[in-house]
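# generate a structure from the sequence data that follows.
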Amino acid sequence: MIIAVDGPAASGKGTIARALARHYKLPHLDTGLLYRAVAAAVLKEEFDPANEADAVSACSFDDFTLDDPWLKSEEVGKAASIVSAHPLVRAALLLRQKKFAHQASGAVLDGRDIGTVIAPDAEVKLFVKATPMIRAQRRHLELRKRGIMTSIDKVLTDIRARDERDAKRPHSPMVPAPDAAMLDTSFLSIDAAVQRAIALVEARTKAAAVVGEGG
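Below you'll find the model as predicted:
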């Protein structure tokens with residue numbers, strides 16, 4: 001079973017995807033880390049994230065790079081949003097993601113184009129969302145816990161700018177798959193959001209089983 005979990009930054013999609021992977025005992029890939037790894041390499045070389053050639057040159061990285069804590073920083077996150085808009089970068093990372101999604105054991109992947117581009121054949125597709133202000137509050141709290149002091153207004157501005165880049169890029173924009181189940185986490189606790197996600201997965205798999213039996 002492939003479970004595709006899409007949604008904007010700080011919507012809770014990563015937390016939900018990891019929980020689903022544990023629940024169903026499936027391997028998990030945060031595809032955003034791939035773009036963060038590219039962005040980190042670009043920044044380390046003092047290249048320009050907005051330059052497609054610079055970004056493409058950073059796409060050949062080892063898997064151990066994904067464990068670097070720096071990838072979770074706001075600096076890398078902003079650069080990742082920029083490099084992820086480059087068509088050639090997305091093309092370079094496409095096969096890596098598709099291979100993970102279609103391994104024999106099944107998989108859970110979260111990102112912004114899993115259900116539309118990486119695994120349009122996924123048995124279950126979720127699109128996780130929350131209001132921009134709620135997401136900004138979550139990210140602001142996360143940053144403060146890590147000792148990074150910034151204003152909620154700045155975080156909200158960054159969130160909205162990232163949303164616009166992700167939704168309006170010409171290649172693989174962030175949009176819900178037509179058959180994705182929507183999950184709004186704005187006013188849900190983590191546990192409630194996870195339980196709702198599991199319920200949606202169960203409903204989709206049962207519906208698919210019924211269709212299969214009928215066919």
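
# what number of residues lie near D63?
Using other C-beta atoms under 10 Å, D63 has 10 other residues around it. Where you see a C-beta, it was placed from the backbone N, CA and C, and this is true even at glycine.

# got it, and V38?
Neighbour count for V38, taken as other C-beta under 10 Å: 29.

# same check on Q195?
Residues near Q195, counting by other C-beta under 10 Å, number 14.

# low-confidence ranges, this structure, go.
211-215 (pLDDT under 70).

# strands of that one, residue ranges please.
In the chain, the strands defined using DSSP state E lie at 2-6, 28-30, 107-111, 124-129, 181-184.

# mean neighbour count for these - can I get that in CSV?
What follows is those, written out as CSV (neighbours: other C-beta atoms under 10 Å):
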stretch, mean neighbour count
strand 2-6, 28
strand 28-30, 19
strand 107-111, 27
strand 124-129, 24
strand 181-184, 17
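
# could you dump these into JSON lines and include distance to P170?
Below are those laid out as JSON lines (distance: least, C-beta to C-beta, whole Å):
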{"stretch": "strand 2-6", "distance to P170": "18"}
{"stretch": "strand 28-30", "distance to P170": "24"}
{"stretch": "strand 107-111", "distance to P170": "17"}
{"stretch": "strand 124-129", "distance to P170": "20"}
{"stretch": "strand 181-184", "distance to P170": "24"}
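
# closest one to R160 among those strands?
strand 124-129 (13.8 Å; C-beta to C-beta).

# between that closest one and strand 2-6, how many degrees?
20 degrees (axes from the mean of the first three to the mean of the last three C-alpha atoms, to 10 degrees).

# and strand 124-129, how far from the chain's centre?
Relative to the mean C-alpha coordinate of its chain, strand 124-129 is positioned 11 Å out (C-alpha atoms, centre = their mean, to the nearest Å).
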